[in-house]
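S.K.: dropping a prediction and its sequence here:
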Amino acid sequence: MATIARPALGAPTPTPVVEYGLRRVLVVGAVMLGALLQLADTTIVNVSLPTIDGNLGATIDEGTWFITAYIITNVVMIPLSPWFQTRLGRKRFFALCLGGFTASSILCGSAGTVGGEIFWRLLQGAFGGGLMVPAQQIIRDTFPPEQLGTSQTLFGLAATLGPTIGPTLGGLLTDAFSWRSIFFINVLPGIVATVLVVMVVRDAEAPHRLPVDAVGIGLLAVTLGSLQYVLEEGERHDWLESDPIRGFASLFLVGMVAFVLRELFGTTAPALALRVLRVRAVWATSVVNFAFGYCLYAMFVIQPLFTQSLLGYTTTLSGLMVMLRASAVLAMFPLVGRLVSRPDLDLRVVVSLGLATYAAASWFQANVVTTTTDFGALVPTQILGGIGLSLIFVPLNVALLRAIEPRIVPASLGLTRLAQQIGGSVATATIVTFIDRAFAVHDSELRAAATISRDAVRTLVAQPHGLLELATLVYRQSDVLAFADATRLMALIAAVSIPLPFLLARAQRAAR
């Protein structure tokens, strides 16, 4: 197994804090609740965006920043959280982020202007991004080493269900109450979780004073912020045809080079321990996590668009479709927990099986996509997709934690989590572009094929409003074919990723 020359971030090897009985239940419940709130908020706004735009008087471009602002600061904070938790103490940092996330949720729900909403979403995303890495560590350290599979199964439950239930919860709250309730729903559980963290969570180690790598932090913020802006706004501004997109793309490339050089050679106390990428398990997990993030978040884009725009589903019904997948994930977690607890089982095979299952579910779904697809026809693919997801996230994390030294766990989790988030951002950007391009191709082909020489076309245009009906038919069929192509693309990416888990070396011991 590969090792690194010095402890990541200069931190000492942590002492595990194992809890039992009611105290364990309270620790795990509080931490999972915090992680679930943050992950749900990555997608909860999406279905409510038109309502928020209308109430605040935002244009479409302004409204997208209610999502973009959150994601940008979230992505920046994820890799920095190991540095902050080492300097402040894991418990203190987690409680600070959880309390800040709750307070900023109140401010998001109370905002009365477009600028105010965007600013508070920036703040909410920053606090939310700081929750994930310490949450996974706290839950891991709460269980003894032989129960690593159990701890990661519990964390995986929150990590997988959070973004999945976000659209459903957002639709239900907006339809039943108002768009502000999607933020206020965080307040009570956020307060409860924060109080419990302060009361029952114990630190595995004391805070460790570190020099402040202000230059590295600034370069990381510029680099990831620029990348996220390009991914979120690229399609809307026609990618490199736009001066702002070219400018931010250039800023990303320059910033990335400067940041890597700074962290590897320019400081003895880097804000982000890039050297852990020399460990095979870390870079291999990052590659798989990128593909997993792409497939997961691409589904969040494709499915609501298809069911609402073409099938006429309500926001609530569209959300229930997503919940079918979440229900399958939930049902599978007891089995997954038993699988990952077996030291003789090669978890790389399990992850590959999950990717294959997800690929098959996506391919089957593409084959049943029509303008008249009913709810029941999509149920099997949702369940199969959920089974695939459940076999990817937890086994992959357990394989990583078994293979690395305890001293590099925080930095490793920060980097692998960042890879997943960037994979999701790339999916959101590219899948919309792909759908637009595929629609243009199919629309052109169908228009060329809809000639008067065809009996069906001649009969249709001879009727009142026949030309309009023909144009509508061509438009809808082009849309359906584009969504089917996008779903097949998702299947192909998952299928190509099947061998990737075997980049990890097989490891059996549980890291502490």
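M.R.: Yep, it's here. Here the structure is a predicted model, which is why all the values come from computation and not from measurement.
S.K.: contacts, neighbours, all on C-alpha from now
M.R.: Noted.
S.K.: domains of the chain?
M.R.: The chain breaks down into these structural domains: 14-210, 211-268, 289-512 (assignment by automatic domain parsing).
S.K.: TSV please, covering those domains and showing mean pLDDT and distance to Arg275.
M.R.: Below are the domains of the chain laid out as TSV (pLDDT from 0 to 100; distance: least, C-alpha to C-alpha, whole Å):
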stretch	mean pLDDT	distance to Arg275
domain 14-210	86	13
domain 211-268	85	7
domain 289-512	84	9
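S.K.: dump the ones you listed to TSV, plus mean neighbour count and distance to Arg278.
M.R.: Converted to TSV, these look like this (neighbours: other C-alpha atoms under 10 Å; distance: least, C-alpha to C-alpha, whole Å):
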stretch	mean neighbour count	distance to Arg278
domain 14-210	21	16
domain 211-268	18	12
domain 289-512	20	11
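S.K.: I'd like those domains laid out as JSON lines, including distance to Val282.
M.R.: Supplementary listing: the domains of the chain in JSON lines, determined by distance: least, C-alpha to C-alpha, whole Å:
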{"stretch": "domain 14-210", "distance to Val282": "13"}
{"stretch": "domain 211-268", "distance to Val282": "17"}
{"stretch": "domain 289-512", "distance to Val282": "6"}
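S.K.: state which helix of the chain is the longest.
M.R.: For the chain, the helix that runs over the most residues, judged by DSSP state H, is helix 409-449.
S.K.: how far is that one from where the chain is centred?
M.R.: In terms of C-alpha atoms, centre = their mean, to the nearest Å, the centre of helix 409-449 is found 13 Å from the chain centre.
S.K.: and stretch 388-396, by the same measure?
M.R.: Mean-position distance between stretch 388-396 and its chain equals 14 Å (C-alpha atoms, centre = their mean).
S.K.: contacts made by that stretch with the rest, please.
M.R.: Among residues not part of stretch 388-396, those counted as contacts by C-alpha atoms under 8 Å, 6 or more residues apart in numbering are 149, 152-153, 156, 160, 285, 292, 296, 329, 332-333, 336, 340, 347-348, 350-358, 501.
S.K.: residues in contact with stretch 241-251?
M.R.: The set of residues external to stretch 241-251 that reach it, using C-alpha under 8 Å, 6+ apart, is Val222, Thr223, Ser226, Leu227, Tyr229, Val230, Glu233, Gly234, His237, Trp239, Leu240.
S.K.: swap in stretch 356-374?
M.R.: Contact with stretch 356-374 is made by 310-311, 377-378, 381-382, 384-389, 476-477, 480, 483-485, 487-488, 490-495, 498, as judged by C-alpha under 8 Å, 6+ apart.
S.K.: same check on stretch 68-80?
M.R.: Judged by C-alpha under 8 Å, 6+ apart, the contacts made with stretch 68-80 from elsewhere in the structure are 42, 118-119, 121-130, 132-133, 217, 220-221, 224-225, 228-229, 232, 271-272, 411, 414-415, 417-418, 421-422.
S.K.: so how far is Thr357 from Phe84?
M.R.: Look at Phe84 and Thr357: by C-alpha to C-alpha, to the nearest Å, they are 38 Å apart.
S.K.: ok, Phe94 next?
M.R.: Distance of Phe94 to Thr357, given as C-alpha to C-alpha: 35 Å.
S.K.: again, but for Val200
M.R.: Relative to Thr357, Val200 is positioned 40 Å away (criterion: C-alpha to C-alpha).
S.K.: leaving aside the residues next to it on the chain, what's closest to Glu62?
M.R.: Nearest residue to Glu62 in three dimensions, chain neighbours excluded: Val114, at 7.4 Å (C-alpha to C-alpha, 6 or more residues apart in numbering).
S.K.: having no further points to raise, I will conclude here.
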